[in-house]
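Asks: how would this look folded up:
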Amino acid sequence: MANYFRKNVASIDGYVPGEQPQDGNFIKLNTNENPYPPSPRVLSALRKAADRSLRLYPEPLSDSLRSLAAAVYGLSPRNVLVGNGSDELLSILMRCFVGAHDRVVYPEPTYTLYDTLIAIQEGVKVALPYLPDFSLPEALFSQRAALTFVCNPNSPSGTLLSLKVIERLARTVSGVLVVDEAYIDFSEGEAASVIPLLKSDSNLVVLRSFSKSFSLAGMRIGLAFASEEIITGMIKVKDSYNVNRLSQVAAAEALRDLPWMRRNVGRIQSSRKKLTGGLTKLGFQVYPSQANFVLARKQGQSLRGLYEELKQRRILVRYFDQSGLEDCLRITVGAPAEVKMLLQRMAAIVSWKGADV
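Replies: Next comes the predicted model:
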């Protein structure tokens, strides 16, 4: 069958998401899902919307949700596009701006879906290594590319770049800069979102997701914020009815109950501190995360064995079998009981195996 495919499609491996076991007896800390449920208002709205109207197509541009999101984030509806998850928005951006031999630049390690989307478009991947503290390499600012991606906070490190750094990058790159803010709601301190830069930087696109902070990973909803010109172009490329009726309802109701989301974010931030402290006591280097996960490192040691031992004990974390991450595990911040159980089982494994895990 491979002979029927375009050569570049036949040759790629495709993106591999985290495990989704059918057996529910796992503590699942591998795909950065929120341990807390969505707002009760969301569930109530979904029950009401699951009626005979499902025979009708949804709003093509999700106009109701688009207008509400614009009001929440201080923009015009013309600056907003709703997607079937932020992954669809990434695909739309790639199809809008990248053709064969066009360059796409980003720092790595980061979200590996970027690689797959570039290969599908026959673009040229230019991945520049982050510095050891996950700050941007200076060479990134001098690259000429159709698209530049920055995941902020970054996955898998959880580290956050400052607004000043992103502003400098937006004003330096020659093409479109996409800042993927899927985890930004979990950041602490001063406002970290780069959405305010949209007023001055016309080449900037900011992506948001309802999967993480809003606990709606199963509904697949994302938002793109950009200039009217960019949004208009993206609309040409998107599917005609790309977001279903129920997802539009769920996202809108979630935005109407921001206090619920913020309360859960606060709980996750508290658990993140405990998880970081516990891992540090076990001898791991833990990067300063502003996301709902942490990256734990044992310098120079493969952590595949630790990942497998945890899986045997019914705990899933994320191990990346790629250069530069072999000595790391990415661990989602779970509920307090899940964090406690993880640390207990990790301590038992480390004690049993000694320093070499």
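Asks: Confirm Ile268 sits in a helix?
Replies: Yes - per DSSP: H, G, I helix; E, B strand; the rest coil, Ile268 lies within a helix segment.
Asks: Could you double-check that it lies in contact with Gln290?
Replies: No - if you go by C-beta atoms under 8 Å, Ile268 and Gln290 don't touch, sitting 11.3 Å apart. C-betas here are computed from N, CA, C, even on glycine.
Asks: Please enumerate the shared neighbours of the two.
Replies: Phe186 (C-beta atoms under 8 Å, 6 or more residues apart in numbering).
Asks: mind listing what's buried in stretch 308-317?
Replies: Glu309, Leu310, Lys311, Arg313, Ile315, Leu316, Val317 (16 or more other C-beta atoms under 10 Å).
Asks: Out of those residues, flag the one nearest to Arg41.
Replies: The nearest member of those to Arg41, counting by C-beta to C-beta, is Leu316 at 30.3 Å.
Asks: how close does the closest one sit to Glu19?
Replies: 6 Å (C-beta to C-beta, to the nearest Å).
Asks: For the buried residues of stretch 308-317, which two are the farthest from each other?
Replies: Longest span within the buried residues of stretch 308-317, C-beta to C-beta: Glu309 and Leu316, 12.0 Å.
Asks: Which strands or helices does the particular helix or strand that has Arg330 in it pack on?
Replies: Using DSSP states H and E, Arg330 sits in strand 328-332. Here strand 328-332 touches strand 293-297, going by 3 or more C-beta pairs under 8 Å, 6 or more residues apart in numbering; DSSP states H and E.
Asks: so where's the stretch 51-200 of the chain shaky on pLDDT?
Replies: 190-191 (pLDDT under 70).
Asks: would you list every one of the strands in it?
Replies: Counting by DSSP state E, counting those that start in this stretch, one finds strands in the stretch 51-200 of the chain at the ranges 80-83, 103-108, 124-129, 147-151, 176-180.
Asks: List of residues touching the first one?
Replies: This points to strand 80-83. 61-62, 65-66, 69-70, 73, 89, 92, 221-226, 231, 234-235, 238, 242-243, 248, 251.
Asks: next one: the fourth one
Replies: Counting by C-beta under 8 Å, 6+ apart, the neighbours of strand 147-151 from elsewhere in the structure are 93-94, 97-98, 102, 104-107, 110-111, 114, 136, 140, 161, 166, 169, 173, 175-180, 182.
Asks: List the strands paired with it, with their directions.
Replies: In the sheet, strand 147-151 lines up against strand 103-108 (parallel), strand 176-180 (parallel) (DSSP bridges).
Asks: Can you lay out those as JSON lines showing distance to Ala119 and mean neighbour count?
Replies: Formatted as JSON lines, the strands paired with strand 147-151 follow (distance: least, C-beta to C-beta, whole Å; neighbours: other C-beta atoms under 10 Å):
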{"stretch": "strand 103-108", "distance to Ala119": "10", "mean neighbour count": "22"}
{"stretch": "strand 176-180", "distance to Ala119": "17", "mean neighbour count": "24"}
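Asks: how long is stretch 69-83 from one end to the other?
Replies: 12 Å (C-alpha to C-alpha, to the nearest Å).
Asks: quick one: average pLDDT of stretch 330-345?
Replies: Stretch 330-345 shows a mean pLDDT of 98.
Asks: let's have the chain start at 15 instead
Replies: Sure thing, new numbering starts at 15, so read that last one as stretch 344-359.
Asks: gap between it and the chain center?
Replies: 20 Å (C-alpha atoms, centre = their mean, to the nearest Å).
Asks: Keeping just the C-alphas, turn that stretch into PDB.
Replies: Taking Å, rounded to 0.1, in the frame of the first residue of the first chain, the C-alpha atoms of stretch 344-359 are listed here in PDB:
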ATOM      1  CA  ARG A 344       8.100  14.000  31.900                       C
ATOM      2  CA  ILE A 345       5.600  13.600  34.700                       C
ATOM      3  CA  THR A 346       2.100  15.100  34.700                       C
ATOM      4  CA  VAL A 347       1.100  16.800  38.000                       C
ATOM      5  CA  GLY A 348      -1.700  14.600  39.300                       C
ATOM      6  CA  ALA A 349      -4.100  15.000  42.200                       C
ATOM      7  CA  PRO A 350      -2.300  15.000  45.700                       C
ATOM      8  CA  ALA A 351      -3.000  11.200  46.200                       C
ATOM      9  CA  GLU A 352      -1.500  10.400  42.800                       C
ATOM     10  CA  VAL A 353       1.600  12.500  43.400                       C
ATOM     11  CA  LYS A 354       2.100  10.900  46.800                       C
ATOM     12  CA  MET A 355       1.800   7.400  45.300                       C
ATOM     13  CA  LEU A 356       4.200   8.200  42.500                       C
ATOM     14  CA  LEU A 357       6.800   9.500  44.900                       C
ATOM     15  CA  GLN A 358       6.400   6.500  47.200                       C
ATOM     16  CA  ARG A 359       6.800   4.000  44.300                       C
END
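Asks: mind listing what's buried in that stretch?
Replies: Arg344, Ile345, Thr346, Val347, Gly348, Glu352, Val353, Met355, Leu356, Leu357, Arg359.
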